[in-house]
Each structure stands twice: as C-alpha cells, then as structure tokens.
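Undergrad: no sequence on this one, just coordinates:
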C-alpha cells in the first residue's frame, strides 16, 4: 500500500502516518519526489489492509498495491488454470462447457423435452431454475421443491449434470440433493451468508457477476467460497448495467480474458439475459466463445412464446443443434479443442471434421 | 401496455399478437399511424404484466404504460405522504429524521459515547451495525449478538430508537429484539427472501438502494415488504455506481424529489458511504436536506482514526452538534419545519431561533 | 408519439394536450384504459418531434414511438445492407475490412514499415493519425500536415486506402487530399459543425461512437452526414465508459448486431482503445469478428515501446499476419466469406485453405 | 509515477524498466515488499507523463501519482479561490452567481421579457443560446447571428452580462462581440480546437462537464484554456450519464465540493438539463447551492409551453423571483454571504432580512 501525502503535509502528519503503519507491525518507507512525497507500507497483506489512512490529516490518497483476493488469484496456481470435473464433464483449460436448458422449470414435459434436445445437440450440462429471483413480488417465483424433483428426473434420464440456482440458505439441503452445480445469481453475488454456506457445502458453484460489480468484487465473492475450502468455483459474466437502453444489460466480453488473466478459475458467459432477445443470443455466444470463454450457459425452451418467464430470450429447441455447432466453431478459433461429441463422449478437436466450419 | 409493431409486420403477426392479448382476458386496440402501427393491451395490470410479447414475430418493441408497483406508489395514498412514528419519533411530511451513530458497533465505550453525543446534538435515532457486509471475507464482520446487546443498552440509556442491519434471515429473531428499524443494505436490496421475512415481521424497515438499482427496482423491493402487510418502509438513497473514480459512489440527489413524487414513502439519504470521506459528508448532507429528503442517516465515531471500518468517512463526535444545526437549516429551506429539540421534544420551526441560521 | 396522462388529469388538461397536437396538424387519439388514459399523436414525424409535451399539466410522460433517424435506418434500404467501395475495397455485406496501422504517424520509417507489413499481412486499409485529440494540452498533438504527406506516400507505395482523423473543420481541405476515409473521433461524435462539413465533402466517413453515446445518438450523428447527401458512412464501436476500472473502456459488442439490425450502414470495431493493452486486442478482435462486425480497425506499430502515444495497446508488426489469419477465421464463423488475399485481390472464403483454421 | 512489477518479473525486465526511466532523465527507485516490488519514477512531471510503460514486459500496472493538470489545480493558487469579475459581477469565494435566461433565443419579445424579469428577480447574468447543439439534424439549430443581436440589445437594456454558447471556432468573432462569458457545451468539452481558440480570446469561459467526463478530464479541458493565458474559467456540472432512466441525466453534486478542493476555479451548477423537468429544477437548485456551488445557471421562459426547445425544463418567468429567494437561502447555509440585491447592487448577507428564510 502506498500513501501519497499532500504537498503541504506537516512533519507531524508524516510522523503520525508512519507511527500508524509501524503500530501494526509493518515497515514504512518514505520517498521524496520533486513535487510529491509518498510513504510505502510494507508487511503482512491482511494487516496492511486494515490500515484506514484515507482521509487522515496530510494524506492525499491511498493507493492499494496488492490485490485483495488470494485464493482466486492466478498466482496461487503458479499460473495454471483450474480444470473442474463435474459429473464426468470437464470445464476449463481446453475444455469448453455448453450449459443449456430452460430459464425456469415449468413442467415435466417442458423440462424433459428440452433436456433430451440439448443433450442430443451437444450440451454438457442442463440448466433450469426451481427458485427464481423476480423483481416483482407478483411474478411467478418458480416451482420450488417440485421443480427440483423434475430436474432430478431429467438428470436420471439424460445423465446431464444439473446447474440450478440457490437463493436462500434455508433451501440448501434440497438443492444439494439434485444440483451438480449451485448457481449464485447476480443479485446475490454479495449475499455473503449464502456464499459462505455454499462454500461449506463443497458443491461446485457458478457465481454470476452482479449487475454493477467490478471484476475485483466478483473475485472477492469467489474468495468467500474458496476460503471455506471449496475449490470448485466458476465465474460467470452475464452483462452489466450501463447507460445504453437499447438492450437490457451490456455484455462485457473484455471480462473474459481479463478474469482468466487475474484468476485460475473457469469463466462462463451467459448470452441470454443481457440482450433479453433471442436474435442476439447467437452473435453474442459466438463472440463469447471467440473471446476465450470456458463455456456458455444459455436458455432453451420448446415453446418460448408460452414460457412463464423470459420467453423472448430463450432459444427454440429446434435451433439448438445448429447453434451448438456454430459455438464450437467459434470456440475452436480461440483454441478450445475439446468438446463433447454427439454420442456423449468427449472429442478432441482433431477429430472434428472441417465441415463443422461450414456451418 | 403498448406493442409497437414492425413496419413490415404481416396481418398474421398482428392477429397472433391480438389473440395472445385476448387470451389473457384483456382487450386489444389497434392504432394505425402514418409510419407505424401500435396495439394497446387494456385490462388487468397483473395479467398484462405476464404477456411476454417482446421478440414475438412482427413486434418491434413493447412499451410498458403502468408502473409495476402498486402499494409503494403515490396513488395508493391519494397523494398523501406516509408519516411513520418510530419510538415516538416521526419521519415524513414535515418531520425530518436525523439518524446517527457509528458504522460498526465496536465496543461498549465507543457506542455509548457516540449515542450520548448524538442524542445531545439532536439526533432522532441511533444507527450501528452488529452484522457488517464486507467485500472481503478476511475483514471484520461485526460483533454479532454481542453488538446487539450493546445497542440494547444504548437504547435503554438514551431512549433513542435503534436502526441496525439484518443480512441473514436466520438472524431475524435476535435483531428484532433490539431493532426499532431493520436496515436492508444495498447489497441485499434484491435479496427477496430477506425482504419477505422483514415484511412479515411488521418491524419498520429502511431499504437502501442497490449500487446500480433503478428507482423502479427500489420501489419493487419496497413492494416485497409492503405486500406482506408491513407498511413501515423508508427508502434510502446511498450513492450509485458510475464511471467517476474521484469518489466511491455518486450520490444521486435527483432520486429524492423523484422518489417522493412516485411514492408516498419517506426518503432518507446516507451521505457517508458515497463519498467515503469525512470532509464531503457535510456538503452532501446539506444538499440532501435542501433537496427535500425526509431524513439523513450519518456515521459518527468518537475516534475515527481508530475505527475498525470506514473510519475515514465517519464524522467526529465533537463536530456533531454543529453539523446537526447546519443540516436543520438546510432542511428548513426545503420546508421541513419539525425537528427534535435538544431537550428531547419535537419543536416546530416557528420555535427555532434565527440564530440557527448563523451556523 | 404517445402521451400517458396522469390518473388525476382534468378534462381541461386533456383538452389542452389535444389542442396542442391538433395545432401542429396532427391527429390526437384518446385511449382510456382501466387505470390509465393515453393520447396518441399521429401525423408527420418531424412536426410531432417538435411537440414538447413533457411536463405539461396532466401529462405523466411522453413515449416516443418513431425512431428519430430516417436515412440511417434499415427501412430506408428495404432491409438491404450498404456495401461501400473504397479505393477498390468493399466493406459491408459479405466483405470484411481489416484496417490497420499506427495510432499516430510518427516518422516516415515507422509509417512505411507498418504500411508494408499490414499490406502483406492482409489489411485492406491503412490507418494513421496526423491530428491527435489528446486529453492533456501538454501531450504530443500529431505531426499535422507533415503527417498527411507521409500518409500520401504510404498510400502511393502500397495502394492501401487511407483512414485518418479530422478534428477541426479548418483542416478539412488538406485532410481530403489524402484521406479515402475521414475518421470522426469519439470525442467529436457530437461536433455537429464537423459532421456537417464532412457530410458536404462526400468523402467516406468512419464515425466513432462517443464514450457514453447511445446507439441512437450514434445513428443521429450518422444522420447529420447522410442528410448532406453523403451516403458513405461507417459506424464504429470503440468501447463505452462504465463503472469497471479494470480496463479503460468496456467494448460493447452487443452494439454490433443491434446496429446492423437498426441500420443499413457497415459496423466496424476498434479493439485497441477500449482495453488499452496489447494482450487483450486479439481476444476482443476475434469476439468482434464472431459477433458479425463488418471490419476491424486496429493499431499496429513496429516498436510499440518507443511509440509516442498509446504504445501499450499497439500490436507488433511481426505479429500482424498471424493475428489477421485468426481474425479471418472468426469472421468466417459469422458468415463473412470475402477477404482480401495476400496478393492483393479479394478472395472468396471457398478459396481459403482449411489450414487457416488451424492457427 | 509508480510501476508495480509482476511477481514473476525477471531481473532483465526490471533492468529494462529502470533504463527506460533513466533514459528520460528521471530517477528510478526500487522498493521490494514481501509480495510485490515497485519502481518509483521520480523527476520532471511532463517527462514522466510520456513514459508509456503499461503493458511492458514484467509490468503489472502503472500508478500515476501526480495530477495531470497544473494551472487548474488548487496548489497553483496557494489554496486560494479564484474570484472572477464579469461585467461588475463577482463569481467565486463568497459571491454567488445566478445566471438565468431562456434555453434558446427565440424572439425579441421572448428574450427581453425574460431578461427584465430575471434582472428584477436577482439574476446576476443573462443566459441564452444563439447556436444550439441538437442531437437531431432536423431540429431547430438556433437563430445564429440574429440571436446574438438580440442578446446585445438585452444587455444594453438591463446591464446584465451575457453568457452564450460557442459551437464552432469559425463563429468566434461575432460571439465575442456580445458575450461576456463564452459557454462551451458538454458535447464540446473535449473539442480541443475550440478550447484553444477560446483560450486565446481571453474572454471568460464557462466549460460544461461532458456527459461522461471525469472531473479530471473536465480540469484538463480547463487546462487547455488556461494554458493559452486565459485565467477566466468557470467549471459547470450539468449531470452525467448513468444507468438510471427515470431522469435524463444524473446531477452529480459530489462534484461541487470535490472540484472546489481540487481546483481554484469557480464551480457552477446547471439544474435544468439533467432532470429535464421543471418541477425538479427547484429542489436540485437548492441542493446545489447548499452543497457549496459558486452559482447556478438556470433556464427561464415566459411561456415554456411554446418554447421551441427544452420547454418542459424551463422555469416560468412569474416564478423566478420566489425561486431566486429560496436559492439564496440555501446558498447562505453553505456560507455564501454575498448576493446581488434587487436594486442592482451587491449586498452582504448581513443586510438580508431574516424574512428571506421564511420563503
């Protein structure tokens, strides 16, 4: 941490800052420049993080040097990527995950139709919400435990691992019975009680970036989970809030390579919620894959016009296989060479016919 | 709700949209203009809200006409303001609330010193956090139940009602034992499980606006509480996230008159967290009061340099009385005529000597 | 345009609004719903645009229905795309443009080296700034007329059309002598005097989106040029300002498919300025191409460490050919089938060996 | 400037960075911490500003220490405020400026009526646009030279100094004939050619903050003017672009105390454009004044319903005097003691009857 002192800071103010640094067991090092003098605080990261010197007399500003997250940082893994294995499917490194399914579990028929279609089309996991965070208290809030039961059936029938959202720590137990990956939604990214519980569960977690969360805050949310000893964390970019009103959220694809540089964790992109419109899902999916994402989590529905929620953004089941082939082609450009084959086994890109690029 | 059709929409597409509107029991009314044709859906608000026509064939866009909140809207009160009474202190209408206290309850001494000072200086309620939402899992997370006990003691000694944050529904019971107002923090503004529980408790609630929540979303969060039959809701502007990096958050004071126009609920401003710097707290407090806020919630500490958290933004206890007088003068300009006197009773502005303006 | 009236609007207020609509020669049509009544104003677009009814007594809000731009809209071209031809190179439709060159023209050697390298590597145009908009008045402002001369030489030697920025209408004449495309920078996107002059010149224009301009505003800037009879306009997404501080600007790739839906004009992406870092240029370029961009404008320098400006974000000349091949592969996924061959002629994708995809 | 090196930076990379720093005549100072090593570059500010080390091998990031503006900074004035004197009216320090008038000069009658009313009501200057920046090329662009003539007449009749906008350097001469203050609009804040010309003119300048400009960028725009030897600069906050859609722009009042801390220049607030609605102008004006602004620039019109542009946001002339009294009361709370009396002379606050506060 570096403290930039004001030009008119008095010697007493310098002394006070240095004393405070030394009082926590750190060393203070003063550097006088032509126009400005700084004090560096050197020592234990967590002690220094507790130095609250902003606004102290004589202090112009405090510049943090160390990143505030540790377990989520790339350094911890000696620059290797984490490759998760979830129900036999790998995510990270060369492995690209295609997570697909309806926004909300609405009925047995809707879920099973979708599950079989995305399985056949090349999806690696099945998504579906039993608990839905809704802006309006008057909107449909999900089927709850009944929805979890349907997800269990879909998993039994297709073998696809299940990704489903947890909104309330009190629902953890039933959710864990079916979920292979617990999703923490964007609105709950800083729900620390929830993050801690999921961390303790050991179950793989997909954390969606909050609507206006910085990458650093997203990594700090991951840190809450990692700190409990749960290393199975995926980060998910799903669009941020900006001034632009032509679409619901602005998908931030720069986050993909930057998160992968800052952290060893896999980075997934949700191309459905940001635009909120079906016709934009494909171009954004291709862009995400080409940017180097480790996977995509996309919404698919057999009859989007009749969907209870977010119908306009859900892909149609009949379009899924063609969509999946284009996404694979884009991911291949970014160096992702390992996909799941149609027959359910993982294929290396060497095996993939060039016809794929003709899509 | 109005559906704007594309210029090249076919008659079949018009028919499909109209059928869908009529299928939920609403009426469809078509209006053909020179360059554009629209279809208005007229009927029950909640039914219409479930029409998901965005992205349907032939549809250019859907324009909502009705506000999605009901109980929080001004219409529900026939344009009157809600005046809450909390522990004998009124908030709303002519009544200005000055809620003050430390960011975090750190020790008995720290809390009681602050409580007595802000009480003497004109505060109407005491704030203090026993549970603290922290971006870092390594940071101090609050004294928890022990902190609640200290708040109870401060309340017993000063008579000040207590405002304290709830982060986890599982802590509701102990918090309710001491809180006169339960605070929902910005990060939990869309934690719907928490909002519902607080709604059921009937306890007054102060809901902080999320870092990137629209006013409509803030009112929808209030709606979650109101819907459970709890009418004691205060809204709190605390700064939003923008591109500006010169301060932590950008305090949005336009929200004050706009929320008061849209809703009957009292609007409080937190001038401490947005700037994160003590020297900016006073000008922002004066601005908030002059803009017509119904109250201010401000952080005060006897020794901010030693504060465990957010020290740089906390006012010093010795500056509080002078600060409170200036805030009252600013509120008076906006028409707030009823403050709490130094002796603990509420005074009308007519009683307030003009010397107050000399501050 | 639709006027939503307040619930308590009086009959007089309705009358006043209707009179005002009729006074400009438009028709007013009243629609009474259960909870809300609206008035539609139907008539000539430009007349209606001048109705300033926001904030009139009884008016809740005004909802625009028609898009404010005409010549830039897709309707004007009956849903066809505009394909520009610039110095023999096509942009738009199936044709992908790769515009490359240094941020700033610094010296004859620097420019010619770069020009020859990007030409050999597959670029379709050469970019280079002679006039540079700099945040600081103390920074290097470009070589001016001398820089234009060097661009003319590079053009003569390579045959590459030149893209260069105009900042001041008083420099129009010398810029037009060398420029095949005049670039309007993000900071000047709403410099209407400049847009009008460039419109009158008839020279092709590349308009960069302002740092916080909506797509609608970008299209309105294009409209200023189109209105003068100049149909040779390209739109350029270059990153917007958001709360995220991990990168300089947030590249908004959703803008690519949305602009192409709203407008017939080609959409180019600048992947260099938003991240401000070389290592992010490739993933963002691939993402832009996969999202369906009609081209990329990228910075390349023979020795970025010695660049006078924006060195950290410029690709190295030695990396350009490999980079160009990957970009082409990504563009092919999005359906761009026509690239420029190494030998200077345009190739159809059918001619491109599959080895390209192995990059 | 401080360079934070990567944890795995090699000794060669350290050497390269240090060499580059020394090559520009600065000193390099290395500081090794437990987890991170930094290199401070110490020397001439402008030389160091040209070090482009971001993204160099081994460099994690570069942290600027010095502010990039000099002449606009508070240090240059030894912490005193600049008080401008414009046509006999002071701005800055204790002096509060109330600049009022129509958005656009529309007619002789409209302008003179407004001028007389705001003069009588306590305004210190008259605003009015002859050249209007309009998002749409189809909208009214101002009366131009004819409008300037009307402003000259209004000035002759009332004695009020004139504030009017310049959009094109080619109009500088006629504008300077009538303007006492040249306004640079938000869209032109980074039109460096325009800023330089206005700087050379020596005429007082009011620079509006761009829609998404940081305070630092605003101060850099001022630096362009100051650098030409023109010290008569006022800064103007007018609302920034955020995600909130309930109002046009979000007025950023934190900018007021922060700009006054960073710079010696007077800070004016425009409360009209941000909300775009008349009913919000008063609360925002009171807030701005209470926050410590040195003045307000507000739109007033005798018949806003008939205004050619921005009618909904213009105050009515008949409300101006009452409005001005409330603004003065709010400014007095912030310590502004010197206003213009009704009779045209400047009054100290001691002369102001307490009845003013009863407004």
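TA: Okay, I see it. Bear in mind that the values here come from a model prediction, so they are computed numbers and not experimental data. Numbering: from 1, shown residues only, chains lettered A, B, ... in the order given.

Undergrad: and for the closest residue to residue A:263 other than its chain neighbours, the neighbour number?
TA: Leaving aside its chain neighbours, residue A:263 sits nearest to residue A:72 (5.0 Å; criterion: C-beta to C-beta, 6 or more residues apart in numbering or on different chains). C-beta: built from backbone N, CA, C; applies to glycine. Residues lying near residue A:72 (other C-beta atoms under 10 Å in any protein chain shown) number 28.

Undergrad: with residue A:77 instead?
TA: Residue A:77 sits with 14 neighbouring residues when counted by other C-beta under 10 Å.

Undergrad: which residues touch it?
TA: Residues in contact with residue A:77, defined by C-beta atoms under 8 Å, 6 or more residues apart in numbering or on different chains, are residue A:264.

Undergrad: for it, give me the pLDDT.
TA: If you check residue A:77, the pLDDT there is 78.

Undergrad: low pLDDT regions in chain A?
TA: A:34, A:45-46, A:340-359 (pLDDT under 70).

Undergrad: okay, domains of it per the record?
TA: With domains defined by automatic domain parsing, chain A comprises A:2-63, A:74-358.

Undergrad: ok, back up a step: which residues touch the residue nearest to residue A:263?
TA: With C-beta under 8 Å, 6+ apart, residue A:72 has these contacts: A:219, A:220, A:222, A:223, A:226, A:233, A:262, A:263, A:264, A:265.

Undergrad: now distance to residue C:116 too, for the domains of chain A, in CSV please.
TA: As requested, these are exported to CSV (distance: least, C-beta to C-beta, whole Å):
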stretch, distance to residue C:116
domain A:2-63, 43
domain A:74-358, 27
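
Undergrad: residue B:105: which of the ones you listed is closest?
TA: domain A:2-63 (16.8 Å; C-beta to C-beta).

Undergrad: so what's the gap between the closest one and the chain middle?
TA: The chain centroid and the centroid of domain A:2-63 are separated by 36 Å under C-alpha atoms, centre = their mean, to the nearest Å.

Undergrad: do the same with stretch A:317-325
TA: Worked out by C-alpha atoms, centre = their mean, stretch A:317-325 lies 24 Å from the chain centre.

Undergrad: phi, psi for residue A:10 please.
TA: Main-chain dihedrals, residue A:10, degrees, to the nearest 10: phi -90, psi 170.

Undergrad: that one: neighbour count?
TA: When neighbours are counted by other C-beta under 10 Å, residue A:10 registers 12.

Undergrad: repeat that for residue A:248.
TA: Using other C-beta under 10 Å: residue A:248 sits among 17 other residues.

Undergrad: interface residues of the stretch 251-359 of chain A facing chain B?
TA: Within the stretch 251-359 of chain A, the positions lying close to chain B (C-beta under 8 Å from any C-beta of the partner chain) are A:276, A:277, A:278, A:279, A:305, A:307, A:308, A:309, A:310, A:311, A:312, A:313.

Undergrad: so of the residues you listed, which ones are in strands?
TA: Within those, no residue falls in strands by DSSP state E.

Undergrad: filter those to the buried ones?
TA: By neighbour count, with 16 or more other C-beta atoms under 10 Å in any protein chain shown, those hold A:276, A:277, A:278, A:305, A:307, A:308, A:309, A:310, A:311, A:312, A:313 as buried.

Undergrad: which of those residues fall within helices?
TA: Among those, the ones falling in helices (DSSP state H) are residue A:278.

Undergrad: show me the two of the buried ones among the residues of the stretch 251-359 of chain A next to chain B that sit farthest apart.
TA: Farthest-apart pair in these is A:277 and A:308; separation 17.8 Å (C-beta to C-beta).

Undergrad: picking that back up, closest one of the residues of the stretch 251-359 of chain A next to chain B to residue A:166?
TA: Among these, residue A:309 lies closest to residue A:166 (C-beta to C-beta), at 17.7 Å.

Undergrad: mind checking the SS state of whatever residue of the stretch 101-250 of chain A ends up closest to chain B?
TA: With C-beta to the nearest C-beta as the measure, residue A:212 is the residue of the stretch 101-250 of chain A nearest to chain B, at 3.1 Å. Here residue A:212 is coil, with the state taken from DSSP: H, G, I helix; E, B strand; the rest coil.
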